[in-house]
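What follows is a predicted protein model with its sequence.
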Amino acid sequence: QKEVEQDPGPLSVPEGAIVSLNCTYSNSAFQYFMWYRQYSRKGPELLMYTYSSGNKEDGRFTAQVDKSSKYISLFIRDSQPSDSATYLCAMKFSGGYNKLIFGAGTRLAVHP
Amino acid sequence: KAGVTQTPRYLIKTRGQQVTLSCSPISGHRSVSWYQQTPGQGLQFLFEYFSETQRNKGNFPGRFSGRQFSNSRSEMNVSTLELGDSALYLCASSFAQSGETQYFGPGTRLLVL
(Lines give C-alpha, C1' and ligand atoms only; values in the text may rest on other atoms or scores of the structure.)
Protein backbone atom coordinates (compact mmCIF):
# COMPACT_ATOMS: atom_id res chain seq x y z
CA GLN A 1 0.00 0.00 0.00
CA LYS A 2 1.28 3.45 -0.92
CA GLU A 3 1.72 6.06 1.83
CA VAL A 4 -0.43 8.52 -0.12
CA GLU A 5 -3.35 7.43 -2.26
CA GLN A 6 -4.89 9.64 -4.93
CA ASP A 7 -7.37 8.70 -7.63
CA PRO A 8 -5.64 9.42 -10.96
CA GLY A 9 -8.92 10.19 -12.73
CA PRO A 10 -9.33 11.56 -15.31
CA LEU A 11 -12.00 13.87 -13.98
CA SER A 12 -14.04 15.81 -16.53
CA VAL A 13 -16.35 18.66 -15.47
CA PRO A 14 -18.19 21.52 -17.19
CA GLU A 15 -16.97 25.07 -16.78
CA GLY A 16 -18.32 26.66 -13.61
CA ALA A 17 -18.58 23.39 -11.67
CA ILE A 18 -17.22 22.85 -8.18
CA VAL A 19 -14.37 20.36 -8.27
CA SER A 20 -13.43 18.15 -5.34
CA LEU A 21 -10.03 16.45 -5.30
CA ASN A 22 -8.96 14.12 -2.51
CA CYS A 23 -6.08 12.18 -1.05
CA THR A 24 -5.83 9.70 1.77
CA TYR A 25 -2.70 8.79 3.66
CA SER A 26 -1.59 6.13 6.07
CA ASN A 27 1.15 7.78 8.15
CA SER A 28 -0.23 9.91 10.97
CA ALA A 29 3.17 11.60 11.35
CA PHE A 30 2.56 13.78 8.29
CA GLN A 31 2.15 17.39 9.41
CA TYR A 32 2.47 19.48 6.25
CA PHE A 33 0.05 19.12 3.38
CA MET A 34 0.35 20.67 -0.03
CA TRP A 35 -1.45 20.80 -3.33
CA TYR A 36 0.46 21.34 -6.53
CA ARG A 37 -0.87 21.95 -10.03
CA GLN A 38 1.08 20.64 -12.98
CA TYR A 39 0.40 21.59 -16.56
CA SER A 40 1.55 19.29 -19.31
CA ARG A 41 5.33 19.33 -19.75
CA LYS A 42 5.81 21.84 -16.89
CA GLY A 43 7.04 21.61 -13.31
CA PRO A 44 4.56 21.44 -10.40
CA GLU A 45 3.29 24.80 -9.17
CA LEU A 46 2.41 25.22 -5.49
CA LEU A 47 -1.27 26.02 -4.97
CA MET A 48 -2.00 25.52 -1.30
CA TYR A 49 0.05 24.78 1.80
CA THR A 50 -1.43 23.74 5.14
CA TYR A 51 0.12 22.87 8.46
CA SER A 52 -1.74 20.26 10.52
CA SER A 53 -5.54 20.23 10.45
CA GLY A 54 -8.05 22.80 9.30
CA ASN A 55 -9.15 24.76 6.26
CA LYS A 56 -7.37 27.29 4.13
CA GLU A 57 -8.89 29.42 1.41
CA ASP A 58 -7.22 31.30 -1.41
CA GLY A 59 -9.47 32.78 -4.07
CA ARG A 60 -11.35 29.98 -5.77
CA PHE A 61 -9.33 27.29 -3.97
CA THR A 62 -10.02 25.75 -0.55
CA ALA A 63 -7.82 23.14 1.07
CA GLN A 64 -9.07 20.97 3.93
CA VAL A 65 -7.11 18.64 6.16
CA ASP A 66 -8.81 16.08 8.41
CA LYS A 67 -6.05 14.38 10.33
CA SER A 68 -8.43 12.18 12.30
CA SER A 69 -9.54 10.58 9.04
CA LYS A 70 -6.15 10.94 7.31
CA TYR A 71 -7.90 12.69 4.45
CA ILE A 72 -7.17 15.91 2.60
CA SER A 73 -9.22 17.73 -0.01
CA LEU A 74 -8.89 20.53 -2.50
CA PHE A 75 -12.01 22.32 -3.72
CA ILE A 76 -12.04 24.49 -6.82
CA ARG A 77 -15.02 26.81 -7.18
CA ASP A 78 -16.23 28.21 -10.50
CA SER A 79 -13.81 25.98 -12.41
CA GLN A 80 -12.32 27.36 -15.62
CA PRO A 81 -10.84 25.65 -18.69
CA SER A 82 -7.49 27.07 -17.55
CA ASP A 83 -7.77 24.85 -14.44
CA SER A 84 -7.32 21.80 -16.68
CA ALA A 85 -4.16 20.20 -15.34
CA THR A 86 -2.92 17.42 -13.08
CA TYR A 87 -3.35 18.10 -9.37
CA LEU A 88 -0.87 16.49 -7.01
CA CYS A 89 -1.20 16.22 -3.27
CA ALA A 90 2.02 16.11 -1.29
CA MET A 91 2.88 15.60 2.36
CA LYS A 92 5.82 16.06 4.65
CA PHE A 93 6.84 15.09 8.16
CA SER A 94 7.42 17.71 10.79
CA GLY A 95 10.98 18.64 11.69
CA GLY A 96 14.08 17.69 9.81
CA TYR A 97 14.05 17.43 6.12
CA ASN A 98 12.27 18.52 2.97
CA LYS A 99 11.27 15.17 1.52
CA LEU A 100 7.83 15.36 -0.06
CA ILE A 101 5.68 12.26 -0.53
CA PHE A 102 3.36 12.68 -3.49
CA GLY A 103 0.09 11.16 -4.54
CA ALA A 104 -0.24 9.85 -8.07
CA GLY A 105 -1.96 13.04 -9.24
CA THR A 106 -5.50 13.55 -10.56
CA ARG A 107 -5.93 14.67 -14.14
CA LEU A 108 -8.67 17.31 -14.40
CA ALA A 109 -10.33 18.51 -17.60
CA VAL A 110 -12.71 21.49 -17.47
CA HIS A 111 -14.65 21.80 -20.71
CA PRO A 112 -16.38 25.01 -21.87
CA LYS B 1 12.43 37.19 -8.14
CA ALA B 2 13.56 34.56 -10.62
CA GLY B 3 12.24 31.06 -10.11
CA VAL B 4 14.09 27.77 -10.02
CA THR B 5 15.98 27.17 -13.23
CA GLN B 6 17.13 23.84 -14.60
CA THR B 7 19.47 23.06 -17.46
CA PRO B 8 19.36 21.51 -19.90
CA ARG B 9 15.63 21.24 -20.52
CA TYR B 10 15.90 18.19 -22.78
CA LEU B 11 18.47 15.46 -23.12
CA ILE B 12 18.82 12.34 -25.21
CA LYS B 13 21.38 9.78 -24.13
CA THR B 14 22.11 6.15 -24.86
CA ARG B 15 22.33 3.27 -22.41
CA GLY B 16 25.58 3.13 -20.50
CA GLN B 17 26.32 6.84 -20.78
CA GLN B 18 26.28 9.23 -17.87
CA VAL B 19 24.49 12.55 -17.51
CA THR B 20 24.75 15.65 -15.33
CA LEU B 21 21.78 17.90 -14.68
CA SER B 22 21.96 21.35 -13.14
CA CYS B 23 19.63 23.32 -10.87
CA SER B 24 19.81 26.93 -9.72
CA PRO B 25 17.50 27.60 -6.75
CA ILE B 26 15.56 30.75 -6.02
CA SER B 27 17.88 33.43 -4.70
CA GLY B 28 18.34 33.01 -0.94
CA HIS B 29 17.09 29.43 -0.87
CA ARG B 30 19.56 27.01 0.66
CA SER B 31 17.72 23.72 0.37
CA VAL B 32 17.60 21.90 -2.97
CA SER B 33 15.74 18.64 -3.51
CA TRP B 34 15.63 16.42 -6.57
CA TYR B 35 12.70 14.29 -7.75
CA GLN B 36 12.14 11.83 -10.56
CA GLN B 37 8.76 11.81 -12.30
CA THR B 38 7.64 8.90 -14.48
CA PRO B 39 4.17 7.87 -15.68
CA GLY B 40 4.38 4.60 -13.78
CA GLN B 41 5.87 5.68 -10.45
CA GLY B 42 4.83 9.33 -10.28
CA LEU B 43 6.98 11.81 -8.40
CA GLN B 44 9.65 10.18 -6.27
CA PHE B 45 12.17 11.84 -3.99
CA LEU B 46 15.82 11.36 -4.95
CA PHE B 47 17.79 13.42 -2.43
CA GLU B 48 18.04 16.74 -0.67
CA TYR B 49 20.96 19.07 -0.10
CA PHE B 50 21.23 21.82 2.45
CA SER B 51 24.35 23.95 2.90
CA GLU B 52 26.34 21.63 0.63
CA THR B 53 25.44 18.53 2.66
CA GLN B 54 23.20 15.69 1.58
CA ARG B 55 20.68 15.29 4.39
CA ASN B 56 18.25 12.79 2.98
CA LYS B 57 18.25 10.21 0.22
CA GLY B 58 15.42 8.34 -1.45
CA ASN B 59 15.30 4.74 -2.54
CA PHE B 60 17.41 4.95 -5.65
CA PRO B 61 20.55 3.03 -6.63
CA GLY B 62 24.00 4.48 -6.13
CA ARG B 63 24.15 5.40 -9.82
CA PHE B 64 22.20 8.48 -8.81
CA SER B 65 24.30 11.06 -7.03
CA GLY B 66 24.36 14.77 -6.47
CA ARG B 67 26.15 17.67 -4.95
CA GLN B 68 25.56 21.24 -3.92
CA PHE B 69 27.90 24.16 -4.30
CA SER B 70 28.55 27.05 -1.92
CA ASN B 71 26.19 29.28 -3.93
CA SER B 72 23.40 26.67 -3.38
CA ARG B 73 23.38 25.58 -7.01
CA SER B 74 23.07 21.83 -7.31
CA GLU B 75 23.90 19.13 -9.80
CA MET B 76 22.75 15.56 -10.04
CA ASN B 77 24.54 12.84 -11.91
CA VAL B 78 23.30 9.55 -13.23
CA SER B 79 25.94 7.07 -14.32
CA THR B 80 25.55 3.97 -16.49
CA LEU B 81 22.18 5.04 -17.78
CA GLU B 82 19.40 2.49 -18.18
CA LEU B 83 16.25 2.71 -20.28
CA GLY B 84 14.22 3.01 -17.09
CA ASP B 85 15.99 6.25 -16.19
CA SER B 86 13.98 8.04 -18.85
CA ALA B 87 11.98 10.55 -16.85
CA LEU B 88 11.35 14.16 -15.98
CA TYR B 89 13.88 15.21 -13.35
CA LEU B 90 12.64 18.01 -11.16
CA CYS B 91 14.49 20.25 -8.79
CA ALA B 92 12.77 22.06 -5.91
CA SER B 93 14.16 24.75 -3.64
CA SER B 94 13.11 26.14 -0.29
CA PHE B 95 14.42 28.75 2.09
CA ALA B 96 14.79 26.94 5.38
CA GLN B 97 15.61 23.50 6.60
CA SER B 98 12.04 22.34 7.00
CA GLY B 99 8.55 23.61 7.44
CA GLU B 100 8.83 25.78 4.39
CA THR B 101 7.19 25.40 1.03
CA GLN B 102 9.14 24.05 -1.90
CA TYR B 103 9.13 25.56 -5.35
CA PHE B 104 9.78 23.46 -8.41
CA GLY B 105 11.69 24.19 -11.56
CA PRO B 106 10.46 23.26 -15.05
CA GLY B 107 12.41 20.01 -15.05
CA THR B 108 14.87 18.28 -17.35
CA ARG B 109 13.34 15.67 -19.62
CA LEU B 110 15.78 12.81 -20.10
CA LEU B 111 15.29 10.18 -22.76
CA VAL B 112 17.55 7.13 -22.68
CA LEU B 113 17.73 5.13 -25.91
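It's in. Numbering: from 1, shown residues only, chains lettered A, B, ... in the order given.

contacting residues for residue 2?
All of this refers to chain A. Applying C-beta atoms under 8 Å, 6 or more residues apart in numbering or on different chains to A:Lys2 gives the contacts A:Ala104. All C-beta spots, glycine's among them, are computed from the backbone N, C-alpha and C.

Chain B was what I was after
The neighbours of B:Ala2, taking C-beta under 8 Å, 6+ apart as the test, are B:Ile26, B:Ser27.

Could I get the full set of strands for chain A?
All strands of chain A, identified by DSSP state E, fall at A:4-5, A:11-14, A:19-25, A:30-38, A:45-51, A:54-58, A:61-66, A:71-76, A:85-93, A:101-102, A:106-111.

Tabulate those (CSV), appending mean pLDDT.
Output for the strands of chain A, formatted as CSV (pLDDT from 0 to 100):
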stretch, mean pLDDT
strand A:4-5, 95
strand A:11-14, 96
strand A:19-25, 97
strand A:30-38, 95
strand A:45-51, 92
strand A:54-58, 92
strand A:61-66, 96
strand A:71-76, 97
strand A:85-93, 95
strand A:101-102, 95
strand A:106-111, 96
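
Can you tell me which of the ones you listed is nearest to chain B?
Taking C-beta to the nearest C-beta, strand A:101-102 is the member of the strands of chain A nearest to chain B, at 4.1 Å.

is it true that B:Gly84 lies in a strand?
No - the assignment for B:Gly84 is helix, going by DSSP: H, G, I helix; E, B strand; the rest coil, so no strand is present there.

so how far is chain A from it?
From B:Gly84 across to chain A, the span is 18 Å (C-beta to the nearest C-beta, to the nearest Å).

Check B:Pro39 too.
The gap separating B:Pro39 from chain A is 10 Å, by C-beta to the nearest C-beta.

and that residue, what pLDDT?
pLDDT recorded at B:Pro39 is 92.

Now do the same contact list for the closest residue to A:Ile76 other than its chain neighbours.
Nearest residue to A:Ile76, sequence neighbours excluded (C-beta to C-beta, 6 or more residues apart in numbering or on different chains): A:Val19, at 4.1 Å. A:Val19 makes contacts with A:Leu11, A:Val13, A:Phe75, A:Ile76, A:Ser79, A:Asp83, A:Leu108, A:Val110, as judged by C-beta under 8 Å, 6+ apart.
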